[in-house]
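J.: Here you go, sequence then predicted model.
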Amino acid sequence: MFFMNRRDILVFAGFTILVLTMPIWLTPTGAAYPALMQTFAIYGIMVIGFNILFGLTGYLSFGHAAFLGVGSYTAVWSFKLLTMNAIPALLFAVLLSGVFAVVIGYVSLRRSGIYFSILTLAFAQMCYSLAYSVLTPITNGETSLQLTLQDPRVIDLAFTERGSGLPVPNLFGLPMTGLTGFYFCAVILVLAFFLAQRITNSPFGMTLKGIKSNQNRMDYTGFNTRPYTLAAFVISGMYAGLAGGLLAVTDPLAGAERMQWTASGEIVLMTILGGAGTLFGPVIGAWLVKYAENIFSAFNESVLHNFFSFLPDGMEEPFVWVAALFVGEGWHLTLGLLFMIVVIFLPGGIMEGVRRIGTLFRRRPDTSDGSAVSAKQQPAE
Amino acid sequence: MTTNDKDIVLHVADVHKTFGGLHALSDIDLQVEQGKTHAIIGPNGAGKSTLLNVCVGRLAPTSGAVIFDGHTLTGKKPHEINQVGVARVFQTPEIFPELSVLHNVMVPAFAKRDGSFSLNFMRHLDTQSDIRSEAESVLEDVGLVAQKDVHAGSLSRGDKRRMELAMCLIQHPRLLLLDEPTAGMSRHDTNTTIDLLKRIKERGMTKIIIEHDMHVVFSLADKISVLAQGRIIAEGSPEEVRANPKVQEAYLGGAH
Amino acid sequence: MEAIFAQFLNGLDKGGAYALIALGLTLVFGTLGVVNFAHGALFMLGAFCAVTFRRLLTLEQVTVSETELTPWGSPLEIRVPYAEQWFGDFGQVLIDYSVPFSILLAIPVMLIIGVAMERGLIKHFYKRPHAEQILVTFGLAIVLQEVVRSFFGANPIPQPIPSSLVGAADVGSWLGMQANQVVYPWWRLVYLLFSVVVIGGVFAFLQFTTFGMVVRAGMADRETVGLLGINIDRRFTIMFGLAAILAGLAGVMYTPLLPPNFHLGMDFLVLSFVVVVVGGMGSLPGAVAAGFLLGIVQSFASMTEVKAIIPAIDQIIVYLIAVIVLLTRPRGLLGRRGVMEN
């Protein structure tokens, strides 16, 4: 049941090391602080799940942020009502987003292609509108759902006295702050990766690839494709719920803007930027987008003036003006351009680019010496 | 029609199909015997593909029924029809271009073994050695084993057809439907395919074959039904059909 | 009875906007086979054409009065728009009617934007998968809205209704009902008439010109028309420009009803997709009918009596209808067979 071939073990071990040593290798980039690394881990989980639906099965959902939101709200409610322990919060988040995914998936998957995308979009907008209107008793509307000093927290308070300040989510007493919080997310990311790897390399995953490749042939081959697509949808919805729950664990706050369809679009971007259908690609895409967001949105005019101060006086202003369009508040412009560039020039994403460079290197020395570069095999997925 | 009922695998009973006001199929009554190769020939637009589509559930007949081995196929979904033992080769190869040739052939084997739905995601592909070796031996049969790791999309058209045949064969179907299996093939490839289909016949697989190429039809068929304007105008052994003046007029045009 | 009639009217102008946007969306889809997620951004750009036009008209010359002082003792600044200086009374009228006059600016601007978009980007995506078309136009939509935000800021910019059209028409009394029972703001009436005229114009254009005939034939069966040796691509480029103009005009005229902001396009896009899907992908009458239908339904759903029974139904009714329609009539209300079915 836990059989892995050599390649799987290498890929899995490589990924685990990469994730767990993040605080070390990220130091030179200035991104090695817990809050950002947590975001990396959480959105990594998100896109690994999204990739099972989009990359493996070929269904482009434009509403996955809805599950992220459901996960966050559920986790915060678990903190408020029961306990600050992260485990039940995450379990509820996964379960409830799974239930949502069953319902939404059951309906949306009756159509495919563009209709499916529009249906998921409609459902996500519906969730978003409801969160802002009639569900405000549950979601707290625009002010976001937060912890308060009056929360019942029945399980916690059965054992301990109510403290003076707001409590922090914990793992059986271990507070989920700083590096501890990051490692908690990182371990879950590694587990999420493991499960996705199992799925990809299983007959089930092969069936999903078959559905993406040629659904008509799958029908005539004796597969009932509907439950397969539903399973993929629910699995990816649960991944999104898990990610949403973790967002709440690291910062116990849930707002409806997490469910907006631009948020769904960002998830799609991460996946295609890295390379849909590969295991590593989407995670790399998520890290790059979140890193860029962090860098670009932190820039402001004075930083830019410093940056361009080497230019002659007359030149500085226009440069700063142009650059200012793309940073700070204008970060979304950069995101949109990135989106277009990737889709136009590299629809296979970064992994596709790496593969192309790989073949370039492999082909050239073919004439002289093939053995020296055969070790430079195409990179692991 | 005095054949013993037990030997009939597929019975197309009094099928009519109309599109709008157009009669695509009328009074079709067809009985296919166990282990035999039954060819359906006819000029373009005679309704051959419509008939095949009715058999596999892609089209519902306006009236009548298709009975396979005691199961009524009429109104069933394509995957249900496959699960009772009917496999199909398409006129233009329907394959998984992004997967390797070996995986193309393994996928149908999972449907055969695990049924139409199975959440088998904790199993690893590498532990499925029985299915892998079976896929390899089927690929050996069709002569594609050397290309098993190639992307199926990069195969030649003839190779794609042979791979699609392998995808059907690995399921050991009781009935195999072939829609012009040699269309667009070179003479050499056609002969290879004929040999291959003859070998399958020795294993006792029943086949329905739609074909334009008379050479293929007369080398393979045990029985031929001639379709013209949605009706069966003649039926019998290859010799009988060849001698039938109605057939010569409608289809063969004296060419043979 | 009067209340119901009033709600019906309230739905019509919004329905007109939906219908105009959806008509362009489905034209592009039916002719070019492209799913354009940036179509909402075109609506938004149209609205900002009106904003720009008004800004240009109201550019003021500032002169400092040498004799008069403000109550605070500083010299009084006299601000006179150039338009008034140059054209006198006509300039004032021009400013007053800036929204309808912006149409003159919007038509060429939207045509250029539309053609540039088609030639520069969309053209290269005809043969790419639908998913990639969706993604690239989605990216474009983000870019367009962010560019607008960097120039106009994030806050909505209200546009005034021309002074003679402020107030409401007593529609009820026209139809023999009691006075002041059914009142309908003049501008909404204008918008409704405007959308009906534009939609009628588009249909007439498609019905009675050779150009329109070829386009309709192309929507029905692109390959066959291509085989006739007609250069259909050129016509489709113009079609895209036309769709952009439709969206732009819908946006221009809508500004007095809803102050435009940079994400106006996204908000309307989702709804217009729903409209297209409900009407049937590739069906022009379907898009128009579904646009008005959904506008009216939405208006009824926002009645307090209805909301008392089903809370927040006005927020989700449109999506609910889309889901129900797609499940029961997968091709939409007036959709044809064989559109987008693989």
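T.: Ah, there it is.
J.: Assign C:Met177 to helix, strand or coil.
T.: coil (DSSP: H, G, I helix; E, B strand; the rest coil).
J.: For chain C, give me the ranges with low pLDDT.
T.: Along chain C, segments meeting pLDDT under 70 span C:221-232, C:336-342.
J.: What residues sit buried inside the strand or helix carrying A:Ile42?
T.: Element membership of A:Ile42, judged by DSSP states H and E, is helix A:34-51. The neighbour-count check on helix A:34-51 (16 or more other C-beta atoms under 10 Å in any protein chain shown) flags A:34, A:36-51 as buried. All C-beta spots, glycine's among them, are computed from the backbone N, C-alpha and C.
J.: Show me what it is packed against.
T.: helix A:22-25, helix A:178-200, helix A:225-250, helix A:261-274, helix A:280-298 (3 or more C-beta pairs under 8 Å, 6 or more residues apart in numbering or on different chains; DSSP states H and E).
J.: Quick check: mean pLDDT of it?
T.: Helix A:34-51 carries an average pLDDT of 95.
J.: With stretch A:122-131 instead?
T.: Stretch A:122-131 comes out at a mean pLDDT of 87.
J.: Can that stretch be said to contact chain C?
T.: Yes - contact of stretch A:122-131 with chain C (C-beta under 8 Å from any C-beta of the partner chain) involves A:122-123, A:125-126, A:129-130.
J.: neighbours of A:Thr27, just the number please.
T.: 11 (other C-beta atoms under 10 Å in any protein chain shown).
J.: And the pLDDT at it?
T.: With respect to pLDDT, A:Thr27 has a value of 89.
J.: Then A:Gln378?
T.: In this model, A:Gln378 carries a pLDDT of 39.
J.: ditto for B:Glu94
T.: 91.
J.: One more: A:Val373?
T.: 37.
J.: Which of the three states applies to the residue of the stretch 251-381 of chain A found nearest chain B?
T.: Closest contact between the stretch 251-381 of chain A and chain B, by C-beta to the nearest C-beta, is at A:Gly277 (8.7 Å). Here A:Gly277 is coil, with the state taken from three-state DSSP.
J.: Next: B:Ile232.
T.: strand.
J.: What of the one 3 residues further on?
T.: Secondary structure assignment for B:Glu235 (three-state DSSP): strand.
J.: For it, give the beta-bridge partners.
T.: B:Ser225 (DSSP bridges).
J.: and it, how far is that from B:Leu197?
T.: 21 Å (C-beta to C-beta, to the nearest Å).
J.: what's the answer for A:Val249, then?
T.: Distance from A:Val249 to B:Leu197, by C-beta to C-beta: 62 Å.
J.: Quick check on the two: which one has the bigger neighbour count.
T.: Neighbour count, other C-beta under 10 Å: between A:Val249 and B:Leu197, A:Val249 has more, with 31 against 21.
J.: is it true that the more buried one touches A:Ile87?
T.: No - using C-beta atoms under 8 Å as the test, A:Val249 is too far from A:Ile87 to be in contact (9.7 Å).
J.: Of all the helices and strands packed on helix A:34-51, which one is nearest C:Thr58?
T.: helix A:261-274 (32.8 Å; C-beta to C-beta).
J.: Return the distance of the helix or strand where C:Gly265 lies from the chain's centre.
T.: Using DSSP H and E, the element containing C:Gly265 is helix C:264-279. Offset of helix C:264-279 from its chain centre (C-alpha atoms, centre = their mean, to the nearest Å): 11 Å.
J.: Remind me what it packs against, helices and strands.
T.: So helix C:264-279, by 3+ C-beta pairs under 8 Å, 6+ apart, packs with helix A:113-132, helix A:261-274, helix C:2-32, helix C:39-57, helix C:130-152, helix C:284-301, helix C:313-328.
J.: Rebuild these as a markdown table, extending it with mean neighbour count.
T.: A markdown table is the format used below for these (neighbours: other C-beta atoms under 10 Å in any protein chain shown):
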| stretch | mean neighbour count |
| --- | --- |
| helix A:113-132 | 23 |
| helix A:261-274 | 25 |
| helix C:2-32 | 23 |
| helix C:39-57 | 25 |
| helix C:130-152 | 22 |
| helix C:284-301 | 23 |
| helix C:313-328 | 19 |
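J.: Next, format those helices as TSV and append distance to chain B.
T.: Below are these laid out as TSV (distance: least, C-beta to the nearest C-beta, whole Å):
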stretch	distance to chain B
helix A:113-132	17
helix A:261-274	16
helix C:2-32	23
helix C:39-57	31
helix C:130-152	14
helix C:284-301	22
helix C:313-328	18
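J.: closest to B:Gly204 out of those helices?
T.: helix A:113-132 (41.5 Å).
J.: Can you name the element that comes right after the closest one?
T.: Downstream of helix A:113-132 (by DSSP H and E), the next one is helix A:136-139.
J.: That next one: which residues count as buried?
T.: The neighbour-count check on helix A:136-139 (16+ other C-beta under 10 Å) flags A:136, A:139 as buried.
J.: Give me the pLDDT for the residue lying closest to A:Glu352 once chain neighbours are set aside.
T.: The shortest distance from A:Glu352 to any non-neighbouring residue, by C-beta to C-beta, 6 or more residues apart in numbering or on different chains, is to A:Gly275 (5.6 Å). The model reports A:Gly275 with a pLDDT of 91.
J.: pretty sure A:Gly275 is touching A:Ala286, no?
T.: No - when contacts are counted by C-beta under 8 Å, A:Gly275 is not listed as touching A:Ala286 (11.7 Å).
J.: pretty sure C:Val183 contacts C:Val171?
T.: Yes - C:Val183 is within contact range of C:Val171, at 6.8 Å (criterion: C-beta under 8 Å).
J.: so how far is A:Gly255 from A:Ala65?
T.: 12 Å.
J.: Looking at these two now, which is surrounded by more residues?
T.: Remark: of A:Ala65 and A:Gly255, A:Ala65 carries more neighbours, 27 against 20, as counted by other C-beta under 10 Å.
J.: Low-confidence ranges, the chain, go.
T.: Using chain A here. A:1, A:363-381.
J.: actually chain B
T.: B:1-6, B:250-256.
J.: What parts of it come near chain A?
T.: So far as C-beta under 8 Å from any C-beta goes, chain B lies against chain A at B:56, B:77-79, B:82-83, B:87-88, B:90, B:94-99, B:103, B:106-108, B:110-112, B:114, B:116-128, B:167, B:171.
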